[in-house]
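K.L.:
this one's sequence-less:
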């Protein structure tokens with residue numbers, strides 16, 4: 001019974017799971033920044049951060065084709081931004097405080113030649 005509980009927890013306790021098909025996919029994630037770059041990507045990529053201060057999310061994104069929506073979850077899932085093929089974004093948004101933050105990149109079908117980067121910054125930085 002304990003083994004079953006541990007198995008269920010390993011799939012469900014994190015809240016969000018990455019699931020994707022990708023070619024030429026490179027990604028990284030540390031406690032306050034993340035990056036992903038790809039030739040093709042279709043699915044969902046989840047990044048997890050930890051912060052100990054009041055912060056916002058600095059982000060940049062670009063896609064050659066396709067579309068994606070990026071959400072963040074600090075105290076409930078909210079849309080951070082959307083990007084479509086041919087667009088490039090570089091901005092800040094969202095509010096987070098002490099705790100865990102998830103950033104979720106979800107595509108609407110296959111995207112090509114994309115880059116996304118995220119970092120957690122105090123508002124004055």
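P.N.:
Arrived safely, thanks for sending. Model, not experiment: these values are computed from the prediction. Numbering: from 1, shown residues only.
K.L.:
what is residue 19 paired to in the beta sheet?
P.N.:
residue 44 (DSSP bridges).
K.L.:
Go ahead and confirm it touches residue 42.
P.N.:
No: between residue 19 and residue 42 there is no contact, the gap being 9.9 Å when judged by C-beta atoms under 8 Å. In this view, the C-beta of every residue, glycine as well, is placed from N, C-alpha and C.
K.L.:
Setting the sequence-adjacent residues aside, check what's closest to residue 20.
P.N.:
Distance criterion C-beta to C-beta, 6 or more residues apart in numbering; nearest residue to residue 20, sequence neighbours excluded, is residue 43 at 2.9 Å.
K.L.:
what does residue 34 give?
P.N.:
In space, residue 34 is closest to residue 47, 3.9 Å off (C-beta to C-beta, 6+ apart).
K.L.:
Return the residues in contact with the one you found.
P.N.:
Going by C-beta atoms under 8 Å, 6 or more residues apart in numbering, residue 47 touches 29, 34, 102-105, 118.
K.L.:
Perfect, that will be all.
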